[in-house]
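Colleague: task: produce atomic coordinates for the following.
(4 chains)
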Amino acid sequence: MSIRVTPPKTGQLPLTRPGIGVAGKTGFWRTIKPIVDQSKCTRCYQCEIFCPVNVIRVEPETGVKIDYDYCKGCGVCADVCPVNAISMVEEVK
Amino acid sequence: MGNDQEVIYVSTGRPKPPIPYNMRDIVLPGDAACPGCPIPMAWKVLSAVFGEKMILVIPACCSSVVVGTYPFHSLKTSIIHVPFASAAAVASGVAEALERRGILDVQVVAWAGDGGTADIGMASLSGAAERNNNILYIMYDNEAYMNTGIQRSSSTPLGAWTTTTPIKGKTEPKKDVAKIMIAHGVPYVATASIGYPHDFYNKLQKAKGIRGFKFIHLHAPCPIGWRFDPRYTVRMAKLAVETGLWILYEYHDGKLTISSPSRAYMDPSKRKPIEEYIKLQGRYRNITEELLSEIRRQMDANWEWIKKHM
Amino acid sequence: MGMKKALTGNYAVSYAVKLARPDVIAAYPITPQTSIVEKLSEMIENGELDSVMIRVESEHSALAACFGAAVAGARVFTATSSQGLLYMHEVVHWASRARIPMVMAIVSRTINTPWNIWPDHSDFMDQRDAGWVMSYAMDNQEALDLVLQAFKISEDPSVYLPVMVGLEGFILGHTTMPVDIPDESMVREWLGPRRQGYIIDGGTPLAVGGLTMPEDTENIFYGIQEAMNEAKKVIKEVTNEYNKLFGRKYSGLIECFHCSDAKYITISMGAWSGDLMEAVEKLHSEGYPIGLIRIRYYRPFPIEDIWEVIRSSKGVLVYDRSISFGSYGPIFTDLAGGLLTYTRNPPYVSNIVAGIAGVNVTAEDFYKLTKEFIDEVEKNGQPPGFKWVMIRR
Amino acid sequence: MLYEILFYGRGGQGAVTAANILVEAAMLEGKHGQGFPFFGAERRGAPVTAFARLSDKPILRHGMFNEADVIIVLDPGLLDLGVVKRSLLRENGIVVVNTEKDKVPLESINHRGRARIYRVDATKIARDLGLVIAGWPVVNTSMLGAFAKATGLLTIESVKKAVMNYFEGGKAGELNMRAAERAYHETKLILEV
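Modeller: Below is the predicted model of the structure:
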C-alpha cells in the first residue's frame, strides 16, 4: 500500500507542530518562585521527575537548574524534595 | 531549553534508580496547563517509554487545551484531536491503518479524561475493548469535568463538591472503570497514579509489549477542581494510595496483582487515615461523618474485591 | 475485463468499493444500508477484497474509525442511512474540517420518529452544511460510477474533502438492475495510490485539530469554501476522464434533458428523476417546451451550470424530496438564493415538495403536476409558489 | 415496450430471487430490467410481493406498482386469499399460476379486459427433482421457465443461463436449470378471456 502526501492546492490545514512556549513565556504566571539550596541537593531527581513544565534539570555536577522563563511557580518541586532543598519565595518583578 | 540534547544519567548512589529517562524529550516548556497540573507529569512518563513513537488520540478534555494553540503544540509527538465520544474508535482506526502499512513501532494512545472515558466515551471504549484493537487507552482521572469548570462525572467520588453537585456533594459512588475493563477480558488492565511515576512507567513498558487492547486508569489530582494548593498535586496522589483509597494493581493474563506501592496497604493498619487525604481538599469541605464512614466502607469493599481476585 | 452483472444498488456500491480497494472499512448495520457492508464483509472473508473491516459498535464510531485510519494514511469507506447518519453527524463535520479524503455512501431513508424505513432525501440533506462533496445517483449504474469517482475527487489535492454518495434505499438500494462493472486493473491505474494532504503516522510529529483562534479557524474554513469551488472543476475533469475510460456519457454536476429549447425547466435529484424524465418526455412529445435538469452533485451547488440553462427560461419548477420545516425544499432555497447573485429578474421559480417519507411518486404524478405548473404560469402569469403535495393512494 | 411483472408468493419461496434472475436473463439478451422486493418488512410464511420490469429501452421509472402486464403466482392459495386481486392485470395481461389443477378461479384475478391464464405444477417439478429446502419446495426457478413459455418475452435459454449464473453453477444451479426447462415444457394455457 503506497500513499502520496501532497499538500493541498487550496486553503490552510488545521495542523500544528511542536513548539516551546505555546502559551507564551509562562514564567510570567509565577507569583512564587522556587529557590534551590544546592548544598542540600542529593541529586535524587524528584523535582525533575515531577516538574509539570519540564523546566528542571538535575545536573550531577552542579545540581538543580531551573528555567525561570517557563517555570509557572506551582511549587511541586519544593513539595516533593525530600531534603527541603527547594523553598518557594515571593516573586519580585 | 535543551529539549533536543541527550543527557546520560550517571549513577550517583541514589536510593532509587531514576526513570530511564527520555522523560526530558517530549514535553516542551511553556504549555497551557494550570500550575501544578498532573497531565504533563504523566506525559513525561509516556515520553520515557515511547519517545516520539506515539500518536495521542485526544478527545475534548483539559489536554486538548493544555497542548496549546495553533500553529504549535507543546508535545514533540503526534496528536489527533477528536470528538468527545470517539477516542477509542479513532484510535482503533489509526491502529489498523498503521498495522496495514507495516508501521509496528508506533504506539497509538487514546488519552482521555474521566468524562471522555467513563461517561460519553464509554460505548466506543467498550467497542474497542471487545474488538481487542491494538491500542493503549489511558484514562487520566481527575474525577470531574475540569475543562468545562468542575462538573460532576460518573468518576467523581462520593461526597465531592462540584459545580453540579454544589451543596450536597456527589451522592453516588465513583464508577470503577478499571473493573469494567477487566470484565471485558482484555489482555491488560492497570491502575496507576501520577504520584508513582516508576510504577506507571513499568506498566507502560509492560503494555508496550502486549498486542491488543490495554487500559490504564491513571489517578490524577487536579488542584483547581479539588481545591488544594497546586504544590500538593503529587502529595495528594500519594495520599490517595497511602490511605488505601486508590489501589494500584495490574490485571494481566487473567491474573490480578497488587503493585508494589500499594502492597503495604493490604494491611489496614499500615494505611493512613483517609482524613489526611480528604481534609486537604476543599471539595470535601462539607463532608459529614456519615459520608466518611460510607467512603471507608466502600474502600474496604474494594480491597476485599481485589484480594478475592488476586 | 469489465463485466455486466445484475446488482442491487447496494451491491453496486459494494462492487465500486471493491474496485477502489480501501484499506479500512468501518460500518454499523442499519436498514436500508446493511447489505452494502454485508457484501463487503463477504468479499473480505472470501479473499476477493484485501481490506480491514472494523466492526464498530455505532455509526459515530464507524466514521470516527474511518477518520483515524484516513489520517494515518488509509483509503477508507463507510456507509449508513437515516438515524445512523444523524448519529455520526458530529464526525461528518470533523472529517471535512480536517480536510481528510474519504468516501461514504448514504442509502437514503427518512428521519424518524415515527419509525419509517422508506426513502426520501432528508437524511442526506441534513448534511448539506457539513463541508462534504455530495453526489446523488439516479440508478444503480450511476451509484457504482459515482462511488468510484468519489474516491478520485476526494483525493485530489485541489479538493481534499470527504465525499458522500447518495442513493435511495429500496428504490435503488434493493432493486436489481444490470450494472456494468469496470475493469479492475483500469480502475486501479486510474485511481492511483491513496493521496492526502498530510499524514499522522508517528513519523514527523504533527497534530491535527488543536485549539485554534477565531481568525485562524476562519481562514481554515475559508479554505473549504475554496476547495468546494475547485471541486466544480475537478468533478468535471474526473467525469470526462471516467467517461472516456469506461464508456459512459455523464455530464458534470448536472444532467440536462430536453433543455436546449425549453421555456420551462424542472429540477430534481435522485431516482425519481427517471420518473420525472418519463413525464417530461411525454409532455415534450405533446408539444410542451419543457426540459429537466437533474442534479448529480448537490455540493458544491452547481448554480453556474443551472444558471446557464435557465437564464432565458420562463419558469422553473424544483421538485424536492425533503423539507426544511418552516422553510422550503433545500434545492429550491439553494437555487432561489443563488439566482439572485446573477439577476434581479429571475424566471418564475416554484417548489413542489413530495415523496416525503417514501411516498411513491410516479411518472403519471409528475406528468400531472408539471403540466399544472406550466398551465398556471401561462394562464396567470404568476409563479405558483410553494406546494407540499401529498399523494394518497 | 415496457412490461411490468408481479410475483406473488410466500416469504421463503424465492419470489424476490425470481425477479432478480429475470433481470439477469433480460441483461443476457441485451434488454433492460429491474427486480425488487416489496419495500418494507417481510416475514417468513406471510404473503410477499416481488416486482420486475422488462424493456428493450432503458427503464426510467422506479418504485412499486400495482398494475401489471404479467402476474406470476407461486402459491395458488394466495388466489383464494384474495391477495392477487389487490393488483390490476392490464389489457392483454398474462397470469401464470403454480397449480396442479386445470381450473383457476377467475374471480380471484382483477383483470381489465382480455387475459390469458397459464398453469404449471411447479411444486411437483420441485419435489421430483428434490428441490426442497427446509421442507419448502423451491418453485421460483420453475416459474421463470413458465414465464418464458407463457409470455415469450425471454427465451428459455436466457432463463436457464441466468439461473446458472445466479447459483454460480454447481449442483443447485444444475437442478434449478432443469426445473426451469421442465416447467417451460409443462406450462399450459388453461383459460383465455
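Colleague: distance of whichever residue of chain D sits closest to chain B relative to residue C:96?
Modeller: Among residues of chain D, the one nearest chain B by CB to the nearest CB turns out to be residue D:41. It sits 27.1 Å away. Every C-beta, even on glycine, is put in place using the N, C-alpha and C of the backbone. Residue D:41 is 35 Å from residue C:96, where distance means CB to CB, to the nearest Å.
Colleague: residue B:110 now?
Modeller: The separation that residue B:110 has from residue C:96, given CB to CB, amounts to 23 Å.
Colleague: now residue C:158
Modeller: Distance check for residue C:158 against residue C:96: by CB to CB, it reads 15 Å.
Colleague: which of those two has more neighbours?
Modeller: residue C:96 (24 against 17; other CB atoms under 10 Å in any protein chain shown).
Colleague: surely that one is in contact with residue C:164?
Modeller: No: proximity of residue C:96 to residue C:164 does not meet the contact threshold set by CB atoms under 8 Å, at 9.9 Å.
Colleague: list residues touching both of those two?
Modeller: Counting by CB atoms under 8 Å, 6 or more residues apart in numbering or on different chains, the shared contacts of residue C:96 and residue C:164 are residue C:132.
Colleague: if I pick the residue of chain D closest to chain B, what's in contact with it?
Modeller: Here residue D:41 is in contact with residue C:117 (CB under 8 Å, 6+ apart).
Colleague: wait, residue C:236 sits on residue C:250?
Modeller: No: between residue C:236 and residue C:250 there is no contact under CB under 8 Å: 10.0 Å.
Colleague: can you report phi and psi for residue D:10?
Modeller: Here is the backbone geometry of residue D:10 (degrees, to the nearest 10): phi -120, psi 150.
Colleague: look at it and report its pLDDT.
Modeller: pLDDT recorded at residue D:10 is 90.
Colleague: could you find the closest non-adjacent residue to residue C:147?
Modeller: Closest residue to residue C:147 apart from its sequence neighbours, by CB to CB, 6 or more residues apart in numbering or on different chains: residue C:16 at 3.7 Å.
Colleague: with residue B:236 instead?
Modeller: Distance criterion CB to CB, 6+ apart; nearest residue to residue B:236, sequence neighbours excluded, is residue B:221 at 4.0 Å.
Colleague: how about residue D:81?
Modeller: Using CB to CB, 6+ apart, the nearest residue to residue D:81 is residue D:47, at 7.0 Å.
Colleague: the residue nearest to residue C:147: what's it in contact with?
Modeller: Applying CB under 8 Å, 6+ apart to residue C:16 gives the contacts C:143-145, C:147-148.
Colleague: who wins for most neighbours among the residues you listed?
Modeller: Within the contacts of residue C:16, most neighbours by other CB under 10 Å means residue C:143, with 32 neighbours.
Colleague: secondary structure class for the most centrally placed residue in chain D?
Modeller: Per CA atoms, centre = their mean, the C-alpha nearest to the average position across chain D is that of residue D:72, at 4.1 Å. Reduced to three states with DSSP: H, G, I helix; E, B strand; the rest coil, the structure at residue D:72 is strand.
Colleague: name whatever forms a beta bridge with it.
Modeller: Residue D:72 has these beta-bridge partners by DSSP bridges: residue D:7, residue D:96.
Colleague: wait, it touches residue D:7, no?
Modeller: Yes: using CB under 8 Å, residue D:72 is in contact with residue D:7, at 4.7 Å.
Colleague: who touches both of those two?
Modeller: Contacts common to residue D:72 and residue D:7, judged by CB under 8 Å, 6+ apart, are D:15, D:18, D:143.
Colleague: among the residues you listed, which are in helices?
Modeller: Among those, the members falling in helices (DSSP state H) are D:15, D:18, D:143.
Colleague: what is the lowest-pLDDT residue among these?
Modeller: Checking pLDDT across these, the minimum falls on residue D:15 at 94.
Colleague: which residues touch it?
Modeller: Shown in contact with residue D:15 (CB under 8 Å, 6+ apart): D:7-9, D:37, D:48-50, D:72, D:74, D:140.
Colleague: find the closest residue to chain C in chain A.
Modeller: Among the residues of chain A, residue A:11 lies closest to chain C, at 1.5 Å counting by CB to the nearest CB.
Colleague: host element of the nearest residue to that residue once chain neighbours are set aside?
Modeller: Excluding the flanking residues, the one nearest residue A:11 by CB to CB, 6+ apart is residue C:223, at 1.5 Å. Using DSSP states H and E, residue C:223 sits in helix C:214-246.
Colleague: what about that helix, average pLDDT?
Modeller: Computed over helix C:214-246, the average pLDDT equals 98.
Colleague: in it, what's buried?
Modeller: Of the residues in helix C:214-246, those scored as buried under the neighbour-count criterion (16 or more other CB atoms under 10 Å in any protein chain shown) are C:220, C:223-224, C:227-228, C:230-232, C:234-236, C:238-239, C:242, C:246.
Colleague: stretch D:182-193 now?
Modeller: The neighbour-count criterion (16+ other CB under 10 Å) identifies D:182-184, D:186-187, D:190-191 as the buried residues of stretch D:182-193.
Colleague: return the residues in contact with the residue nearest to the centre of chain D.
Modeller: If you count contacts by CB under 8 Å, 6+ apart, residue D:72 has them with D:5-8, D:15, D:18, D:95-96, D:143, D:146-147.
Colleague: can you tell me which of those residues is nearest chain A?
Modeller: The closest of the contacts of residue D:72, once distances to chain A are taken by CB to the nearest CB, is residue D:18, at 42.0 Å.
Colleague: I figured that closest one was touching residue D:143, is that so?
Modeller: Yes: counting by CB under 8 Å, residue D:18 does reach residue D:143; the two are 5.9 Å apart.
Colleague: mutual contacts of the two, please.
Modeller: By CB under 8 Å, 6+ apart, the residues touching both residue D:18 and residue D:143 are D:7, D:72, D:74.
Colleague: reformat those as CSV; add pLDDT.
Modeller: Conversion of the shared contacts of residue D:18 and residue D:143 to CSV gives the following (pLDDT from 0 to 100):
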residue, pLDDT
D:7, 97
D:72, 98
D:74, 97
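Colleague: where does the residue of chain D found nearest chain A land in three-state SS?
Modeller: Closest approach between chain D and chain A, counting by CB to the nearest CB: residue D:168, at 30.1 Å. When states are read from three-state DSSP, the local structure at residue D:168 comes out as coil.
Colleague: give the burial count for it, as a bare number.
Modeller: Neighbours around residue D:168, by other CB under 10 Å: 8.
Colleague: list the contacts of it.
Modeller: Taking CB under 8 Å, 6+ apart, one finds nothing in contact with residue D:168.
Colleague: mind pulling up the pLDDT for it?
Modeller: Per-residue confidence at residue D:168 stands at 90 (pLDDT).
Colleague: how much space separates it from residue C:251?
Modeller: 37 Å.
Colleague: residue C:244 now?
Modeller: Taken as CB to CB, the spacing of residue C:244 relative to residue C:251 amounts to 14 Å.
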